[in-house]
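[1] Build the 3D model from these lines:
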Amino acid sequence: MTVGQNGGEAGPQDDPISRDVRTSSTSSRRGSIVVFAKLPVPGRVKTRLAAGAGVGPENASDFYRACAEHAISQAASCQDWADVFVYHSSADATSDVASWLAREGLNLPCRPQAGLRIGSTCTDGSSGAGADGPSVSEPDLGDKIFAAMSEVLQCQSPKDGPAGKVLIVGTDIPDITAPLLRRAAEALDEHDMVVGPSLDGGYYLLGLTRLEPRLFQGMRWSTDSVLADTLERATSSGLRIAPLSWLPCLRDVDTLQADFNTSSSFSQGSSKDCRCESHERQPFSARQPQRQETLCGGSPLHASETEKAAVPPHLKAAGAPDGPMDLNMKHRRLCEVSQRVLKQAATWEVTRTASNLGSVGDDRSR
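    Predicted coordinates:
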């Protein structure tokens, strides 16, 4: 149940998500895209990358900003077939997030990530309630994902109508593209769930037509078993899962090595059909033909004249990204920032090595 500002049950006029979906939907199968993001504040984003030699909080924040703006722009360019919402960290003010995105021409609905615990999240199966009543704890990532997807799906799908479909993505994957998002949505025309696997054993995208709390309860987040556990739970819950190969396996950039690998793929200007080898043995990975030219890397961003002409008019009118050329600009900035971080790290390493060699020479001359 959604609670309005007056404390009672909210009607459609009280809920901005209901209002946005209702006024912009043109099809009963129109989808929604939820993007999880943070304000690019040094010291609060990409802390593992920042800890890399010669990187630091400022460079890591610049990289995250470029990565986030690229991902959100790609999602915003899908507004001809999907309603797009940005759910930000509860530590960030919604007005600050909206202002940041507006400066980039991204006038999208912004909401704080929130969520109550999904029933019991205890791994032992207990209710989590003590003698004094239910225990209270902060919502984890699973609770936040569940709350966001539930909110959007409930507003999107009438009780007597067809199932809705919602995709949720983060802003840590440089290879997110609009064609990839569309392909994920297409999978939900025939399946209940689609997942974009990441190389670290998790997933960068999850799409559902109906919610299954077990996908999020008591999950061991930030481990290399998230994807396998999610697939196992989805199967036991009876969800029809799109083949794991439906979407490419992509890399989350959290370290200098990951940035180097990503920057290398940028410079090559094309994508690989990267596989998550650790999951090749999963029974869910029946192979399907992939449209590699539209999934990751630089290829889908080099738009043809036909594609440029096909940019939905409402994107320009709403102040959203002005078609493929604007997406190209954000992708170029992401490449430039990635390469700058690597260059500064390399310079730092050379300077440190030279200093160490000089110290050794001084010791020997004494």
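
[2] in the stretch 1-150 of the chain, which spans are strands?
    With DSSP state E, counting those that start in this stretch, the ranges of strands along the stretch 1-150 of the chain come out as 31-37, 82-88, 110-112, 129-130, 133-134.

[3] Indicate which one of these is closest to residue 215.
    strand 31-37 (14.8 Å; CB to CB). C-beta: built from backbone N, CA, C; applies to glycine.

[4] For that closest one, C-alpha coordinates in CSV please.
    Extracted C-alpha coordinates of strand 31-37, given in CSV (Å, rounded to 0.1, in the frame of the first residue of the first chain):
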residue,chain,number,x,y,z
GLY,A,31,7.9,-1.0,-19.8
SER,A,32,9.7,0.9,-17.0
ILE,A,33,13.4,1.3,-16.3
VAL,A,34,14.7,2.0,-12.8
VAL,A,35,18.2,3.3,-12.5
PHE,A,36,20.0,3.2,-9.1
ALA,A,37,22.4,6.0,-8.7
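
[5] How about residues contacting it?
    For strand 31-37, the surrounding residues in contact (CB atoms under 8 Å, 6 or more residues apart in numbering) are 21, 68, 71-72, 75, 78, 81-89, 97, 113, 144-145, 148-149, 152-153, 156, 164-171, 181, 185, 188.

[6] how much does that strand deviate in direction from strand 82-88?
    Interaxial angle, strand 31-37 versus strand 82-88 (axes from the mean of the first three to the mean of the last three CA atoms, to 10 degrees): 20 degrees.

[7] Quick check on residue 189: phi, psi?
    Backbone torsions of residue 189, given as degrees, to the nearest 10, read phi -70, psi -20.

[8] Show the contacting residues for it.
    Contacts of residue 189 (CB under 8 Å, 6+ apart): 29, 165.

[9] again, only this time at 10 Å
    Residues near residue 189 by CB atoms under 10 Å, 6 or more residues apart in numbering: 29, 31, 165, 209, 242.

[10] circling back: quick one, which of the strands of the stretch 1-150 of the chain gets closest to residue 222.
    strand 31-37 (14.2 Å).

[11] Quick check: of the contacts of residue 189, which lies closest to residue 215?
    Distance ranking of those against residue 215, using CB to CB, places residue 209 first at 12.8 Å.

[12] Let me see the contact set for that closest one.
    Counted by CB under 10 Å, 6+ apart, residue 209 has contacts 29, 31, 153, 157, 162-166, 188-189, 191-194, 239-240.

[13] let's go with 8 Å and repeat that
    With contacts defined as CB under 8 Å, 6+ apart, residue 209 is in contact with 163-165, 188, 191-193.

[14] pretty sure residue 194 is in a strand, no?
    Yes. Per DSSP: H, G, I helix; E, B strand; the rest coil, residue 194 lies within a strand segment.

[15] is it true that it touches residue 247?
    Yes. Between residue 194 and residue 247 there is a contact under CB atoms under 8 Å: 6.9 Å.

[16] More neighbours: these two, which one.
    When neighbours are counted by other CB atoms under 10 Å, residue 194 and residue 247 differ, and residue 194 comes out ahead with 27 against 24.

[17] Just among the contacts of residue 189, which is most surrounded?
    Neighbour count (other CB under 10 Å) singles out residue 165 as the most crowded of the contacts of residue 189, with 28 neighbours.

[18] could I get the strands of the stretch 1-150 of the chain as a markdown table with mean pLDDT and distance to residue 227?
    Below are those laid out as a markdown table (pLDDT from 0 to 100; distance: least, CB to CB, whole Å):
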| stretch | mean pLDDT | distance to residue 227 |
| --- | --- | --- |
| strand 31-37 | 97 | 17 |
| strand 82-88 | 97 | 21 |
| strand 110-112 | 96 | 27 |
| strand 129-130 | 36 | 31 |
| strand 133-134 | 38 | 30 |
